[in-house]
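Asker: Here is my input, please return the structure:
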Amino acid sequence: MDFGVKKYYNLNINMSCKNKTKLTFIDLFAGIGGFHLAFHKNGAECVFASEWNDYSRKTYETNFNKISPAIFKNGNFVGDITNVEPKNIPDFDIICGGFPCQPFSQAGFKKGFQDERGNLFFHIAEIIKTKKPKAFFLENVRHLFKHDDGKTFATIKKVIENYLGYSFYYKIVKGTDFNVPQHRPRLFMVGFKNKKIPFNFPEPVKLTKTMSDIFGASCEKKIGYTLRVGGRGSVITDRRNWDSYKVDGKIVRLGVEEGKKMMGLPSNYVFPVSNSQAMKQLGNAVVVPAISVVAKEIINTLNKHYAD
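Answerer: Modelled structure (predicted):
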């Protein structure tokens with residue numbers, strides 16, 4: 001099946017996998033590494049990652065150079081994934097990533113597959129077809145589900161089930177489902193090469209954290225606005241406002257440290273970029289606790305099925 005993926009550069013990518021006892025994963029459209037954090041926390045090893053944005057690449061390498069040094073040492077942290085021939089990617093068990101959401105988001109023009117970025121899903125499909133991983137975990141905005149009257153999602157489902165031969169599970173998951181005071185609804189898609197493997201998304205937990213916990217002071221708003229890429233600085237009464245809050249009776253603008261907490265990033269996570277760039281990166285990121293519980297379920301499911 002030809003998806004019209006462009007020709008590849010002939011890159012010399014290290015094929016070795018250092019630790020055969022762990023499940024391995026690749027991190028596509030990696031951003032600042034939310035998937036990497038989640039899978040690493042649950043005992044999996046990253047063997048390859050891709051991110052094209054220079055600022056995000058800097059943040060990614062700064063934070064993962066110590067826990068996953070091999071991908072940087074061996075040249076397995078690449079830029080544009082479409083310039084990499086799928087057969088040259090190291091073997092892995094799980095492919096994960098949040099492919100660009102702008103073609104499907106309410107904030108974008110919603111061109112879908114007619115936007116070049118929307119077609120990156122088909123490159124993921126070619127990687128799965130070539131490498132045949134045990135499982136995949138993909139993420140996108142919830143509007144993908146209804147984009148073009150459901151035709152876009154139907155195409156993705158058909159490619160995965162019919163062309164690739166994988167199972168296909170999906171669910172819209174919010175940050176608030178896993179104790180993060182930010183709704184940020186996202187479409188999670190999971191599947192397995194062995195279609196007989198059953199899978200259930202983890203059940204939501206009780207929300208106990210509020211924006212008062214995020215600010216460390218009394219905040220009138222319990223659940224925060226969804227972090228965005230742009231549009232900062234609107235007055236608090238503006239319907240477009242997403243970064244101004246009333247805290248201890250004063251107007252306070254959300255900063256990088258608060259943004260980190262709202263995305264579930266660890267306290268020692270570092271942004272070696274300007275604050276404006278850091279906020280953009282946070283606006284494009286995934287809610288790590290939500291990704292982590294699903295990653296754990298995928299890993300447990302695979303370990304149970306492939307246990308000796």
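Asker: check contacts around K41.
Answerer: K41 sits next to 292, 295 when contact means C-beta atoms under 8 Å, 6 or more residues apart in numbering. Bear in mind the C-beta positions are built from the backbone N, C-alpha and C, glycine included.
Asker: okay, it: pLDDT?
Answerer: pLDDT for K41: 96.
Asker: What's the local residue count around V78?
Answerer: Residues lying near V78 (other C-beta atoms under 10 Å) number 22.
Asker: which one is it nearest to, not counting chain neighbours?
Answerer: Closest residue to V78 apart from its sequence neighbours, by C-beta to C-beta, 6 or more residues apart in numbering: S50 at 4.9 Å.
Asker: Check the contact between that neighbour and N83; I expect there is one.
Answerer: No - S50 is beyond contact range of N83, at 9.3 Å (criterion: C-beta atoms under 8 Å).
Asker: Report the separation between the residue lying farthest from the centre of the chain and P181.
Answerer: Taking C-alpha atoms, centre = their mean, the residue of the chain most remote from its mean C-alpha position is G249, at 35.3 Å. To P181, G249 is 20 Å away according to C-beta to C-beta, to the nearest Å.
Asker: Does anything pack onto the longest helix anywhere in the chain? Which helices or strands?
Answerer: Using DSSP state H, we find that the single longest helix of the chain is helix 288-305. Judged by 3 or more C-beta pairs under 8 Å, 6 or more residues apart in numbering; DSSP states H and E, helix 288-305 is in contact with helix 34-41, strand 94-97, strand 135-141, strand 186-192.
Asker: again, 10 Å this time
Answerer: Counting contacts by 3 or more C-beta pairs under 10 Å, 6 or more residues apart in numbering; DSSP states H and E, helix 288-305 packs against strand 24-28, helix 34-41, strand 94-97, strand 135-141, strand 169-173, strand 186-192.
Asker: tell me the mean pLDDT over that helix?
Answerer: Here helix 288-305 scores 97 as its mean pLDDT.
Asker: Report the separation between L254 and Y60.
Answerer: For L254, the distance to Y60 - C-beta to C-beta - is 22 Å.
Asker: Now do the buried residues in stretch 60-71.
Answerer: Neighbour counts using 16 or more other C-beta atoms under 10 Å place 60-64, 68, 70-71 of stretch 60-71 among the buried residues.
Asker: scratch that, stretch 272-283 is what I was asking about
Answerer: Residues of stretch 272-283 classed as buried: 273, 277-283 (neighbour count, 16+ other C-beta under 10 Å).
Asker: about what we covered before: I'd like to check which residues are in contact with the residue nearest to V78.
Answerer: With contacts taken as C-beta atoms under 10 Å, 6 or more residues apart in numbering, S50 has the following neighbours: 26-30, 57, 60, 76-84, 89, 97.
Asker: picking up where we left off before, nearest to N300 among the buried residues of stretch 272-283?
Answerer: Within the buried residues of stretch 272-283, proximity to N300 (C-beta to C-beta) peaks at L282, which comes in at 29.0 Å.
Asker: Check what pLDDT the residue nearest to V78 gets.
Answerer: Note for S50: predicted pLDDT of 96.
Asker: Ok, N88 next?
Answerer: Predicted confidence (pLDDT) for N88: 96.
Asker: what's the answer for G150, then?
Answerer: Reading off the model, G150 has pLDDT 88.
Asker: Sketch out the helices for the stretch 151-300 of the chain, chain order is fine.
Answerer: Assigned by DSSP state H, counting those that start in this stretch, the stretch 151-300 of the chain shows helices spanning 151-158, 211-215, 256-262, 275-283, 288-305.
Asker: Leaving out the residues flanking it, which one is nearest to the residue nearest in space to the middle of the chain?
Answerer: Nearest to the mean C-alpha position of the chain, counting by C-alpha atoms, centre = their mean, stands G98 at 3.9 Å. Using C-beta to C-beta, 6+ apart and skipping residues adjacent in sequence, the residue nearest G98 is E139, 4.0 Å away.
Asker: need the contact list for that neighbour.
Answerer: Going by C-beta under 10 Å, 6+ apart, E139 touches 29, 34-35, 96-99, 101, 173, 186-190, 286-287, 290-291, 294.
Asker: In the sheet, which residues pair with it? Tell me.
Answerer: F188 (DSSP bridges).
Asker: hmm, back to that, return the set of buried residues in the longest helix of the chain.
Answerer: Neighbour counts over helix 288-305 (16+ other C-beta under 10 Å) mark 288-299, 301-302 as buried.
Asker: Measure how far the worst-scoring helix or strand of the chain on mean pLDDT is from the centre of its chain, please.
Answerer: The helix or strand of the chain with the poorest confidence is helix 151-158; it has a mean of 90 (mean pLDDT, DSSP states H and E). Computed by C-alpha atoms, centre = their mean, to the nearest Å, the chain-centroid distance of helix 151-158 equals 20 Å.
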